[in-house]
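**Student:** Coordinates only, no sequence provided:
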């Protein structure tokens, strides 16, 4: 019997402002489950980010330069519309705590209502990273705190540039 399995592609959406060790861990782990991971950097006009979309894309691309199955793109508007354009039906979402689950579960149900073929793949954070968030990284860095164990060295350098 031949291998009839189709190539599996999943989208990991987020603002990634900045990308943290928690994000990196989920991307690396997802890349072992799916043939291709598209890291979709959200362009949200409502927020004032620390890094531009182009800067966030560049940092993620540089971190995953040696990962053939990780691709970085940007999107704006509804995630569902982006997924349809890319013809991808799997979304990866990370869960750090029970509090994340309620929100993510509602989003997964709404996405499924808007596009019944869309499935959400929940991944729990590694225990080491359950407390890490981009918001905490930015707050700590803005106050002169050490973020070296929360972000990739490349990202740490860019954060230092922003706050110096």
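**Tutor:** Sure thing, it's come through. No experiment lies behind these values; they were computed from the predicted model shown.
**Student:** which residues of the chain fall in helices?
**Tutor:** If you assign secondary structure with DSSP state H, the helices in the chain sit at 21-30, 53-63, 79-86, 98-114, 134-142, 153-163.
**Student:** Which of those helices has the highest mean neighbour count?
**Tutor:** Each of those was assessed for mean neighbour count using mean count of other C-beta atoms under 10 Å. The highest is helix 21-30, with a mean of 20. To be clear about C-beta, it is placed using only N, CA and C from the backbone, and glycine gets the same treatment.
**Student:** and the angle from that one to helix 134-142?
**Tutor:** When axes from the mean of the first three to the mean of the last three C-alpha atoms, to 10 degrees is applied, the directions of helix 21-30 and helix 134-142 differ by 140 degrees.
**Student:** tell me what helix 21-30 is packed against?
**Tutor:** With contacts defined as 3 or more C-beta pairs under 8 Å, 6 or more residues apart in numbering; DSSP states H and E, helix 21-30 has these neighbours: strand 9-14, strand 36-42, strand 90-95, strand 119-124.
**Student:** quick check: mean pLDDT across it?
**Tutor:** Taken as a whole, helix 21-30 has an average pLDDT of 96.
**Student:** got the angle for it vs strand 36-42?
**Tutor:** For helix 21-30 against strand 36-42, the angle between stretch directions is 150 degrees (the same axes, to 10 degrees).
**Student:** just how off-centre is helix 21-30 within its chain?
**Tutor:** Between the mean C-alpha point of helix 21-30 and the mean C-alpha point of its chain there is a distance of 8 Å (C-alpha atoms, centre = their mean, to the nearest Å).
**Student:** quick check: angle from that helix to helix 53-63?
**Tutor:** Using the same axes, to 10 degrees: helix 21-30 against helix 53-63 is 60 degrees.
**Student:** who touches helix 21-30?
**Tutor:** Outside of helix 21-30, the residues that reach it under the criterion C-beta atoms under 8 Å, 6 or more residues apart in numbering are 10, 12, 14, 16, 37, 39, 63-64, 67, 70, 92, 94, 96, 121, 123, 125-126, 128-130, 132-133, 149-152.
**Student:** Run the chain-centre distance for the helix or strand of the chain with the lowest mean pLDDT.
**Tutor:** For the chain, using mean pLDDT, DSSP states H and E, the weakest element among its helices and strands is helix 98-114, scoring a mean of 89. Taking C-alpha atoms, centre = their mean, the mean C-alpha location of helix 98-114 is offset from the chain mean by 16 Å.
**Student:** Fine by me, thanks again.
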